[in-house]
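Enquirer: how does the following fold in three dimensions:
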Amino acid sequence: MPRAELKDFLDTKIEAYNNPKFIESDPIQIPHSFSKKEDIEISGFLIATIAWGNRKSIINNGKKLIQLLDNSPHDFVMNHQETDLEKLLPFVHRTFNGDDCIQFIKSLQNIYKNHSGLEAVFANHAKNDSLQHAISKFKTIFFEIEHLKRTQKHVSDPMKNSAAKRINMFLRWMVRDDKAGVDFGIWKSISPSLLSCPLDVHSGNVARKLKLLKRKQNDAKALAELDKSLRKLDSKDPVKYDFALFGLGVFEGF
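Expert: Numbering: from 1, shown residues only. Below is the predicted model:
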């Protein structure tokens with residue numbers, strides 16, 4: 001398919017999926033229940049972390065997790081006592097358990113107390129062509145405090161060839177201002193041009209069928225290849241095509 005024709009096709013699919021109706025069946029609905037910036041970004045980060053598997057299960061468990069944080073994630077992160085963390089122990093979503101959850105709360109507190117918050121960590125380590133280095137640095141900072149080794153697996157590292165699907169999705173939510181009311185666009189210190197597509201089975205398979213991606217594995221090298229293809233279609237907002245690739249794969253079985 002010629003590039004102009006491909007762009008028209010994908011732009012049509014973006015219009016179909018990048019609208020408020022998308023929120024109803026997507027985990028992004030949970031951070032959409034908040035208005036305070038820190039509540040949006042903390043809830044968004046936690047929900048993105050458990051965003052693998054059945055979407056209904058992700059949403060149900062995400063709601064349970066936010067309830068355990070007294071429906072005030074930022075206040076809980078900043079002001080919890082050690083005894084408050086005990087109620088998180090029963091939480092489980094697939095391999096993410098209560099111990100992991102407690103570690104995340106402690107690491108988030110360190111980031112807000114000592115690193116000026118989530119946005120600052122990513123913005124301070126962004127490079128002029130990508131956020132993948134910033135994601136790797138984020139993981140280092142996230143686990144700079146005493147932590148459980150098992151919890152490290154829940155934060156991906158692109159420098160170890162991970163596509164970091166969930167963190168790239170979280171960054172799309174925070175950075176991209178889509179004017180349609182889906183992505184939040186509350187992180188003004190990072191350019192949407194640096195975002196990468198949350199590469200998973202669905203978006204990867206569709207991208208290969210459309211000749212946007214050749215590499216067979218969904219890893220960091222594939223993500224770099226897909227980034228290059230999508231930035232040729234729109235250098236300022238390449239990750240908008242996530243809506244088209246995901247929608248075609250999940251809703252249309254493309």
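Enquirer: which residue packs closest to the residue positioned nearest the centre of the chain, ignoring adjacent ones?
Expert: Among the residues of the chain, Phe170 comes closest to the average C-alpha position under C-alpha atoms, centre = their mean, at 2.1 Å. Distance criterion C-beta to C-beta, 6 or more residues apart in numbering; nearest residue to Phe170, sequence neighbours excluded, is Ala48 at 3.7 Å. C-beta coordinates here come from the backbone N, C-alpha and C atoms, glycine included.
Enquirer: can you show me the strands along the stretch 51-200 of the chain?
Expert: Along the stretch 51-200 of the chain, counting by DSSP state E, counting those that start in this stretch, strands occupy 92-93, 96-97.
Enquirer: identify whichever of the ones you listed lies nearest to Asn128.
Expert: strand 96-97 (33.3 Å; C-beta to C-beta).
Enquirer: quick one: average pLDDT of that closest one?
Expert: The predicted model gives strand 96-97 an average pLDDT of 98.
Enquirer: what pairs with that strand, and is each one parallel or antiparallel?
Expert: Strand 96-97 pairs in its sheet with strand 92-93 (antiparallel), by DSSP bridges.
Enquirer: next one: the strand it pairs with to chain centre, how far?
Expert: 18 Å (C-alpha atoms, centre = their mean, to the nearest Å).
Enquirer: and the contacts of that strand?
Expert: The list of residues contacting strand 92-93 from outside it, by C-beta atoms under 8 Å, 6 or more residues apart in numbering, reads Ile50, Gly53, Ser57, Ile58, Asn61, Leu65, Gly98.
Enquirer: where's the fifth one relative to Asp157, distance?
Expert: To Asp157, Asn61 is 24 Å away according to C-beta to C-beta, to the nearest Å.
Enquirer: max-length helix in this structure?
Expert: As assigned by DSSP state H, the longest helix anywhere in the chain is helix 98-114.
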